[in-house]
Each structure stands twice: as structure tokens, then as C-alpha cells.
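Undergrad: Model the following, please.
(2 chains)
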Amino acid sequence: MNMNWSVVFDNLDLFAQGLLMTLQLSGIAALIALIGGLLVALLRLSHIAILRWIAAAFINVLRSVPPFALIIYVYYGISLAIGVNFTPFFAGVLALALQYTAWMAEVYRAGIQAVPPGQIEAAHSLGFNSVRTFISITLPQALRIVIPPLGNNIVGLIKDSSLVSYIGVMELIRSAQLLTSQTFRPFEIYTATVILYLVVTLVISQVFSYLERRHATGRDALGGRRHTSRRRRARLDRLTELAVTER
Amino acid sequence: MIRLRSIVKSYGDHEVLHGVDLTVHRGEHVVIFGPSGSGKSTLLRSINLLEQPDSGSVEVLGAEYGPGIPGATLPRGNRLQLRQKVGMVFQQFNLFPHLTALDNVSIALRRVKHISRDEAEVRAARALRRVGLIDKLGSYPSQLSGGQQQRVAIARALVMEPDVMLFDEPTSALDPEMVGEVLGVMRAVAEDGMTMVVVTHEMGFAREMGDQNVFMDAGQIVEKGDRSLFTTTTEPRTRKFLEAVL
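TA: Purely as a prediction, here's the structure:
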């Protein structure tokens, strides 16, 4: 089989546009899902039964719909039902955001529930109210726990964003299809496409494993010692001196 | 200063406290001891409402925080304010692992008492000096030994300037060689005049510091008394327990 890689290099701008669209699509959807997932998780853990049920129903329904079906359903079904024409981009973002909100809600819920009850008791014993306890004690520890699974979810979201090509968003796959139909060079074009997905995925994984190390505490942090800034160090030294010299 | 009356607490069908009365005076050091499952910790935890009694009165500094006694006319208190006056030290330390020792001790000053960061950190450093950990301000709990962690936990409670300190088996989770340093800090706090209620198996501490020693078994107070309790008790259940632990 003879290969001709110039079809890739001559069309780098097309790949770049496709990649940019993939990143916009998944970036916006990921941002919504990261925030929405936390809110749905809070509803899921609410003291009010009806809110818990609504959140559970939302999570269970959206997790069991195949992403492809959800994209089609949002673009053709929901837009017709409510009489609003969604752009393909909007429908794609909405479908991905909904589905990953559900996945991430379960991740956040697990993370919040993994914080030991003794932490909450300790905060309460110091006079923290429930909101303060959640913000200062539970959430920071839960976020630390959920960093790796959230990273996995974002990688999954980026991969699922390829399905949005079906409704005509010119993202990476759609661009590759178009180029293939003009040049009949599927092997070269899809190889390049796969490599681009690989690069994006690796970058995301690296970012999240950096975050994981950055936010680990004590001995697990950054290969032994947590980073303390020079300013922080100086502040601690001043406090030490103050406390030692008085009285 | 603290008056518990007829405290009843159940978990499901199982009643763990059957109407317990306990009075703690200002400056007094109360030691509660007894076998596991006797309700000691539940009783202690009902003083700062980590356990909400099913019935009975939790009177602290003249206000009612529990369900109350029928006919009593005490003003009702707010549980968040109660907890600012009552410090607590836990068996498992329960330090916040994402915060340094300094932040563990200063966070409640900042977030509950709304004291400025500079002032809160100065007070936290002083409290950590008091427990002998002035060189550990920037350490995270995972970098500290069990004894050091428990001393940070004591500093975290002390820095709020509580009227009373509760200790829930503070040395039970520690390696034997670290028990002494924690008891030493507790002794110093007691000698400073702090009102203390201590659930412990450390009978040495009870004999030395206990003004009121309370023996509990099966959800009831069997007997209470001063230091002479340990030598003069004629109650067979107390004697049996003391013989087993001493």
C-alpha cells in the first residue's frame, strides 16, 4: 500500500479547525458538567426527600441513555418538542453536558461520602454550621478524592464529543470525514485524527495527575514534601519567633 | 456549670442511656470510666449535642440545649453558640488532613469567630506553643505522630477559649509511648483551672486529677465519688472493673 502523508500536512489548517471545535465543544460541556455535577450531587445528598428523588432520577435516566442516542434525541427530538431550533453545536454541548453532569454527580457524591464523619463532627464541635463545614472541611477533602475520576470523565467526554459529528458539527471527526471524501486517503487522515485525540487525552491526564499531586497532603505530596512558598515559610518563622519570645 | 438531668438516648430499639444525671462545677475535673458500651462516650457527646438526647435536660451555663424537663423555665440556647463554649478532643484526633497544624488551630477562630487572619494565626501559634508544638506550625497531620496530632487537637479546642473541655478517650488510639505526652498536656490544662470532663481508661490520670470520678455501666451511673472512690468503693461492679484494669 502506498501512503501519501502530504494529504495530512497540506490540510493542517482543517485539522486545527476541527481540533479547535472539538476542544470548544468538550470544554464548554465539561465546564457545565463540573459545576452541574456538584450541584446535582448536593441535591442527591439533600435532607429533603423530594430533591433526592429528582436528582436520583436525573442521574439514573441520563446515565443509561447511550451518548449517541442522547445527542440525536436532543437535536431532533427535544428541539421539535419545544419548538426551538437548536444549532448542532448547542445541541451537542447540551447533550454532552447533561450526560456528564450525571456521571460527575455520582463521582462527587462518592467523594463527599468518602470524607470521614469524624471530620464533620470535629467541625461541628468547633461551632461550624453545616454550610461552613461543607465549604471549609468536606468540599476541599472531597475535591482531592475526586480529581482522578473527574479527569477520567473529561477524557471520556472528549472522546464522546466525536459522536456530535453525526449532527453536522465540524469537529475533528467530521473534518476528517470531509477530507477523506475529497481525497480518498482514509488511512493517513484517520491516523492523524487518532493521534490528535491521543495528544489531547495525554495532556488532560497529565494536568489531572499534576493536580492530584499538587493537592495531596503530607507525605504523599510531590514526592515527599508539600511545597511551601518562601513567603509562607517566612510568615511561619515570624509566628514561631513571636510565640517563643513572648512571656 | 453543666447539669445533665434524666438523659435518655436510644439507637433504634436499643436504649444506651437510661436517664442519667451528672453535674459539673466550674473548675472541676470529672473522669468518666467504665466498660465499653456503657454509654460513657454517648453521655459526653450529649454535652455538646453531637448526640441529641431523646429526652432530658442539657443545661450549660444557665441555658437549656436538650429536649428539656417538663415545667422547667430555662432560656433555650443555640447549639452553635454552645459549641463555641465547649471544646472537644476525640479519640481519633479528627484533625483536618488538608490543613497545616497552624491552619487546623486557626480555622475556627477565622471562620466561626471571624477574627482576622493575622490575629488568629498569632493565637494559634501561642496555643501550639502551649502544647509543645511551636516547631510544627507548617506540618500537615500526616507528617505528625499520633501524640503530636492529639496535642494539635487539644490546641485546636483550647484556642477557642472554651469554658469546658471534653475529652473522649484521648489516649486510646495512641501507641503506648505517646500516651504520656498527651496526658502531660491534659494535666497542664487541668492545672490551669480548666473545667474538664474526661472519658478515659487511664486510671492513673483519674486518681491524680479526678475531682469527681464517675463509674458507668450498662447506660447508667453506678456510682461517683472523689479520689477515695478507688480505694473505698464497696460497689461490686466498680470493684470488679477496677480490679480488671488496674
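Undergrad: so what's A:T191 up against?
TA: A:T191 makes contact with A:V8, according to CB atoms under 8 Å, 6 or more residues apart in numbering or on different chains. In this view, the C-beta of every residue, glycine as well, is placed from N, C-alpha and C.
Undergrad: now swap in B:F96 and tell me
TA: If you count contacts by CB under 8 Å, 6+ apart, then B:F96 has A:Q119, A:A122, A:A123, A:I137, A:Q141, B:D103, B:N104, B:I107, B:P141 around it.
Undergrad: nearest to A:V74, of those?
TA: Nearest to A:V74 among the contacts of B:F96, counting by CB to CB, is A:Q141 at 35.2 Å.
Undergrad: State the helix or strand in which the closest one lies.
TA: Here A:Q141, judged by DSSP states H and E, is contained in helix A:139-160.
Undergrad: what packs against that helix?
TA: When contacts are defined as 3 or more CB pairs under 8 Å, 6 or more residues apart in numbering or on different chains; DSSP states H and E, helix A:139-160 packs onto helix A:12-44, helix A:88-114, helix A:186-214.
Undergrad: Which among those helices is found nearest to B:P170?
TA: B:P170 sits nearest to helix A:88-114 of all the helices and strands packed on helix A:139-160, at 25.7 Å, using CB to CB.
Undergrad: Could you check the angle the closest one makes with helix A:12-44?
TA: Per axes from the mean of the first three to the mean of the last three CA atoms, to 10 degrees, the angle that helix A:88-114 makes with helix A:12-44 is 40 degrees.
Undergrad: So what's the gap between helix A:88-114 and the chain middle?
TA: Centroid separation between helix A:88-114 and its chain, computed with CA atoms, centre = their mean, to the nearest Å, is 8 Å.
Undergrad: List the buried residues for it?
TA: Buried residues in helix A:88-114, counting neighbours by 16 or more other CB atoms under 10 Å in any protein chain shown, are found at A:88-109, A:111-112.
Undergrad: what's the distance between the nearest residue to B:L133 once chain neighbours are set aside and A:L178?
TA: Computed as CB to CB, 6 or more residues apart in numbering or on different chains, the closest residue to B:L133 that is not its neighbour in sequence is B:R151, at 5.7 Å. Distance, B:R151 to A:L178, using CB to CB, to the nearest Å: 68 Å.
Undergrad: Name the residue in the two with the higher neighbour count.
TA: Neighbours per residue (other CB atoms under 10 Å in any protein chain shown) separate B:R151 from A:L178, with B:R151 holding more: 28 against 16.
Undergrad: thought that one was touching B:L183?
TA: No. Contact criterion CB atoms under 8 Å: B:R151 and B:L183 do not qualify, at 10.9 Å.
Undergrad: Could you pull out the buried residues of the strand or helix carrying A:V7?
TA: With elements delineated by DSSP H and E, A:V7 resides in helix A:6-9, which encompasses its position. Neighbour-count burial for helix A:6-9 flags A:V7, A:V8 (criterion: 16+ other CB under 10 Å).
Undergrad: Dump that helix to PDB, restricted to CA.
TA: This file holds the C-alpha atoms of helix A:6-9, laid out as PDB (Å, rounded to 0.1, in the frame of the first residue of the first chain):
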ATOM      1  CA  SER A   6       1.100  15.200   2.300                       C
ATOM      2  CA  VAL A   7      -2.700  14.900   2.400                       C
ATOM      3  CA  VAL A   8      -2.300  15.500   6.200                       C
ATOM      4  CA  PHE A   9       0.400  18.200   6.000                       C
END
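Undergrad: tell me the mean pLDDT for that helix?
TA: The average pLDDT for helix A:6-9 rounds to 88.
Undergrad: what's next to it, contact-wise?
TA: Residues beyond helix A:6-9 that count as contacts (CB under 8 Å, 6+ apart) turn out to be A:F15, A:L179, A:T183, A:R185, A:E188, A:I189, A:T191, A:A192.
Undergrad: separation between the last one and A:S26?
TA: When CB to CB is the yardstick, A:A192 and A:S26 sit 19 Å from each other.
Undergrad: ok, back up a step: just the contacts of B:F96 now: which is nearest A:S64?
TA: The nearest member of the contacts of B:F96 to A:S64, counting by CB to CB, is A:Q141 at 30.2 Å.
Undergrad: Now that we're looking at the closest residue to the closest one other than its chain neighbours, what pLDDT does it have?
TA: Distances taken as CB to CB, 6+ apart put A:V115 closest to A:Q141, at 4.7 Å, once the chain neighbours are dropped. Note for A:V115: predicted pLDDT of 96.
Undergrad: next one: A:L31
TA: For A:L31, pLDDT reads 98.
Undergrad: and if you look at B:L174?
TA: 94.
Undergrad: and it, helix, strand or coil?
TA: Secondary structure assignment for B:L174 (DSSP: H, G, I helix; E, B strand; the rest coil): coil.
Undergrad: What count of nearby residues applies to the spatially closest residue to it that is not a sequence neighbour?
TA: Distances taken as CB to CB, 6+ apart put B:G146 closest to B:L174, at 4.8 Å, once the chain neighbours are dropped. Using other CB under 10 Å, B:G146 has 18 neighbouring residues.
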